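Engineer: I would like the atomic coordinates for the input below:
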Amino acid sequence: HGADELISTDPGQWTGIVSTDWHNGNNWCGLTVPTSTINVTVPSSAINQPVITLSANAKDVSILSGATLSMTAGSFNVYGNITRTGNYNQTGGTLRFSGNNAQTVSGSLNVTSFEMNNSGGTTLLNGDLTVSGSGTFTNGALTTSGSTKVNITSASATAITAGAGNTNYSLSFVNGLLQRSFAANTGSYDFPVGYNGQGSLLQLVNNSASGVSNFQVSFSSKQGNDFGLNAAEGGNNYNSVGCYGVWKIVPNANITSGSCDLKAYIGNFTGLTDNTFAILQRPVASSLGSDWVVPAGTLPSINSAGRTVSSGYARRNAMTSFNQIGIGLTSNNLVVTQPSNQTTCDLGTISFSCNGANNTSFQWQENSGAGFFNLNNGGIYTGCTSSTLTLNGATIAMNGNQYRCVISSTGACIYSSTSNAASLKITQF
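Structural biologist: Below you'll find the model as predicted:
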C-alpha cells in the first residue's frame, strides 16, 4: 500500500490492507476499529476502500479526494465533524449525527436514511443533505447555511418522523430550509422547522392535492410590524400577528386539483386564547402589516381542534395556495377607553382622550372629508402623540371632522389597534 499508510501513526487512518471491511481492526493503522473518540481519515491511496455493514462509530470523519466511504447496512454514528471531498456512498443503513457537541458537515451528503440525535446541533456548511429514504429527528437542531437545504426526495408522507421524546418536534428540527417531495395522497406531511432553539412544526394534511411535487418550508422571526393590518373574518378584525415567528411555504408549482389542510403549531406563541387566532397569509418576501390577508380556505368550527389553545395548533382547511404564514390574533386590542364626541363653540378649545394598555404609544388622526391622516403638533394641535389630543381654537370649518387614535405596542413585537372615530361639533354661539 501507499507510503502515507506505512508512516502514519494515526489509529483512525484507514489502510484497507486486508479487505473493505470497516469492522476488521486489521484494516486500520491502529489495528482496532475506531470508537466515538477516534478521528477517521479515509485516503484514496488505501488498497481497499471501506464499507460499513454493521454498527460503526467515529469522531471526526475526513473522506479525502478520490476516496470512497460506503455503507450498505447498519448505522454510522458520527460524534464530530464530517469533511467530504471524496465520495460518500450510502445505499442502506442509517447515518446518525450523534453526541452533545456542535458538529459541522462540509460537502454535500446523499443518504438513504439519517437520524438527527445531537443535542449540540449539526450545521450543513456548504452542501445539501439529500435523503432518498427517511429522516428521524430525535434531538438537536439541524441547521442549513445560505442556500443549503435538507432535501427529502421520498414522496412518502412518513419519510420524516419524530424520535422518542421529541413531541411535535420541539427538541429536534431543521433550523433553515427543509424541502420535501410531495404526491397526491391522503397522508399528513410533517415539516419540522424552527429557530432559536425551539421547533415550530408545520403539517400539510394532503387532500389528494396534485400539480405540486415538492414544498420548501422554513421558520424565522417575523419581520416588520403590524401597522396597516386590515384583515377580518367572521365579523372579527385581526389586529395583530403573533410575533414569535412566521413560516414561509414555497411550492414548486400550483395545486391544480385537491387541496391541503394546514396545521401550524403554536406552542411557542404567547397571548393566545380560544377562538381568537387563525392562520393569515402574506407574500413570502413581505414585511408589511398591510399585506396580511385571510387566505382561501375554511376554519374549523368554534371550540374545535385548530381553534383552541389546548389543541396545540392553528388550522385552516382546504387551502390551495401558500406563502408566508402567520398567526393572526383578534384578541390583542390595545384600546382601553374609546374617545367620545365633543362639542365646542367657534374658536373654542376642546380635547379628545383615548387610553391604551401598558407599554403603548399614540398617534392621533383627523378626517376632514378625505380620509384619516396623521396629525403633528403645531398650530392648533397639541398632544398628537399622547393619550389626549387638544385643539386650541377650533373653527366652524372643522364642524363634523372626525378624530381617532392609533395605539401601538412598544418593544420587540409591535402591533397596533385603532380606536373608534369621535366627531367634533362646532356651534357659533
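
Engineer: and the residue lying closest to residue 29 once chain neighbours are set aside, what pLDDT?
Structural biologist: Nearest non-adjacent residue to residue 29, counting by CB to CB, 6 or more residues apart in numbering: residue 13, 3.9 Å away. Where C-beta positions appear, they are placed from N, C-alpha and C, glycine not excepted. Note on residue 13: pLDDT of 97.

Engineer: need the contact list for residue 13.
Structural biologist: Residues in contact with residue 13 (CB atoms under 8 Å, 6 or more residues apart in numbering) are 5, 28, 29, 30, 41, 43.

Engineer: for residue 356, same thing?
Structural biologist: With CB under 8 Å, 6+ apart as the criterion, the residues that contact residue 356 are 334, 335, 336, 362, 387, 407, 417.

Engineer: neighbour-wise, which of these leads?
Structural biologist: Taking other CB atoms under 10 Å as the neighbour criterion, residue 334 ranks highest of the contacts of residue 356 with 25 neighbours.

Engineer: from memory that residue sits against residue 405, does it?
Structural biologist: No. Using CB atoms under 8 Å, residue 334 is not in contact with residue 405, being 10.0 Å away.

Engineer: related to what we said a few turns ago, can you add distance to residue 400 and pLDDT and give the contacts of residue 13 back as JSON lines?
Structural biologist: Below are the contacts of residue 13 laid out as JSON lines (distance: CB to CB, whole Å; pLDDT from 0 to 100):
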{"residue": "5", "distance to residue 400": "93", "pLDDT": "38"}
{"residue": "28", "distance to residue 400": "91", "pLDDT": "98"}
{"residue": "29", "distance to residue 400": "92", "pLDDT": "96"}
{"residue": "30", "distance to residue 400": "91", "pLDDT": "94"}
{"residue": "41", "distance to residue 400": "84", "pLDDT": "98"}
{"residue": "43", "distance to residue 400": "87", "pLDDT": "98"}
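
Engineer: select only the buried ones of those in PyMOL?
Structural biologist: Applying 16 or more other CB atoms under 10 Å to the contacts of residue 13, the buried members can be selected in PyMOL as follows:
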select buried, resi 5+28+29+41+43
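
Engineer: partners of the most centrally placed residue in the chain in the sheet?
Structural biologist: Centrality entry for the chain: nearest residue to the mean C-alpha point is residue 219, 1.0 Å, by CA atoms, centre = their mean. Beta-bridge partners recorded for residue 219 (DSSP bridges): residue 247.

Engineer: can you pull the contacts of it?
Structural biologist: Shown in contact with residue 219 (CB under 8 Å, 6+ apart): 193, 194, 195, 200, 202, 245, 246, 247, 248.

Engineer: next, count neighbours for the fourth one.
Structural biologist: Each residue near residue 200 was counted by other CB under 10 Å, and the total is 26.

Engineer: that one contacts residue 245, correct?
Structural biologist: Yes. Using CB under 8 Å, residue 200 is in contact with residue 245, at 6.3 Å.

Engineer: in what helix or strand does the nearest residue to residue 376 once chain neighbours are set aside lie?
Structural biologist: In this structure, residue 376 finds its nearest non-sequential neighbour in residue 384, 5.7 Å apart by CB to CB, 6+ apart. Using DSSP states H and E, residue 384 falls within no helix or strand.

Engineer: and the longest strand seen in the chain, which strands flank it?
Structural biologist: Assignment by DSSP state E gives strand 129-144 as the longest strand of the chain. Applying DSSP bridges to the sheet, strand 129-144 is found paired with strand 109-118 (parallel), strand 122-124 (parallel), strand 150-152 (parallel), strand 160-162 (parallel), strand 172-175 (parallel).

Engineer: export those strands to a markdown table and append columns for mean pLDDT.
Structural biologist: Below are the strands paired with strand 129-144 laid out as a markdown table (pLDDT from 0 to 100):
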| stretch | mean pLDDT |
| --- | --- |
| strand 109-118 | 98 |
| strand 122-124 | 98 |
| strand 150-152 | 98 |
| strand 160-162 | 98 |
| strand 172-175 | 98 |
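
Engineer: winner for burial among these?
Structural biologist: Across the strands paired with strand 129-144, the average number of neighbours (mean count of other CB atoms under 10 Å) peaks for strand 172-175, which reaches a mean of 27.

Engineer: how about the CA coordinates for that strand, as PDB?
Structural biologist: Presented in PDB, the C-alpha positions along strand 172-175 are these (Å, rounded to 0.1, in the frame of the first residue of the first chain):
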ATOM      1  CA  SER A 172     -35.200  18.400  17.100                       C
ATOM      2  CA  PHE A 173     -36.000  20.200  13.800                       C
ATOM      3  CA  VAL A 174     -34.500  21.900  10.800                       C
ATOM      4  CA  ASN A 175     -33.200  25.400  11.500                       C
END
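
Engineer: neighbours of residue 428, how many?
Structural biologist: 7.

Engineer: what sits against the residue lying closest to residue 32 once chain neighbours are set aside?
Structural biologist: Spatial nearest neighbour of residue 32, excluding adjacent residues (CB to CB, 6+ apart): residue 25 at 4.5 Å. Contacts for residue 25 were tallied using CB under 8 Å, 6+ apart; they are 31, 32, 33.

Engineer: let's see if you can find the most crowded of these.
Structural biologist: That'd be residue 33 among the contacts of residue 25, by other CB under 10 Å, with 20 neighbours.

Engineer: distance of that one relative to residue 88?
Structural biologist: Residue 33 is 19 Å from residue 88, where distance means CB to CB, to the nearest Å.

Engineer: contacting residues for the nearest residue to residue 190 once chain neighbours are set aside?
Structural biologist: Excluding the flanking residues, the one nearest residue 190 by CB to CB, 6+ apart is residue 160, at 5.0 Å. Residue 160 sits next to 134, 135, 136, 137, 152, 180, 189, 190, 191, 192 when contact means CB under 8 Å, 6+ apart.
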